[in-house]
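1. How does the following fold in three dimensions:
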Amino acid sequence: MRLLRWPLPPPVRRGPDSGHGRFAASPAALPGVLQFGLKHYPIFVSLQDRPVLVVGAGKVALRKTRGLIEAGARVTVVAPECEPEFESLHVRLVRRPFRAADLAGCVLVFAATNDRLTNHRIGVAAKGRGIFANIADSASECDFILPARVSRQGFHLAISTGGENPRLAADLRRKLEELL
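-> Numbers count the residues shown, from 1 in each chain. Alright, predicted model coming up:
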């Protein structure tokens, strides 16, 4: 890891016809710039009234669906079978296996089935349509991951290990909840 030098060197500029845009290199490629190597960019996204697809209807899908509903997303759940609690949730429930056409119009997709191949197929289909996918059983296939969250009176804290150790993130969340 390199240390940050201050002041930062000015960006290298290229001419308008160079085909490389305004800067010769990304800021991370500049000498002396601290590089963190983030695998994921932390972001809070508004899903209010946006269509989101959840494929699978087991306990993992239920947990993800509850969070999406809380965020105001319009959730469609596709699964041949489901946990009974899905019946009482404000979701569109489609009882059948996943079809690539289910992705039409969605801004995000969550693959949370108990079938590795199906989850993989969902991820491939989503990528082909430019839709960000969260694949519950494969962090390496995810376009985004979900942090452990703590929310108290308008305060929101997200904890992530970059998908490397979700159990540790959940343990930290529990400890922080006790403190708050």
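2. Can you tell me how far the spatially most central residue of the chain is from A61?
-> Residue closest to the average C-alpha location in the chain (Cα atoms, centre = their mean): F144, at 2.8 Å. F144 sits 16 Å away from A61, going by Cβ to Cβ, to the nearest Å. C-beta: built from backbone N, CA, C; applies to glycine.
3. same question, L146
-> For L146 relative to A61 (Cβ to Cβ), the value is 12 Å.
4. Just to check, the residue nearest to the centre of the chain is in contact with K39?
-> No - with contact defined as Cβ atoms under 8 Å, F144 does not reach K39; the gap is 10.6 Å.
5. which of L146 and A61 has more neighbours?
-> More crowded of L146 and A61, by other Cβ atoms under 10 Å: A61, with 24 against 17.
6. And the pLDDT for the more buried one?
-> We have a pLDDT of 98 for A61.
7. wait, isn't it in contact with V109?
-> No - applying Cβ under 8 Å as the test, A61 and V109 come out as separate, 11.6 Å apart.
8. Name the residues contacting each of the two.
-> Jointly contacting A61 and V109 under the rule Cβ atoms under 8 Å, 6 or more residues apart in numbering are 54-55.
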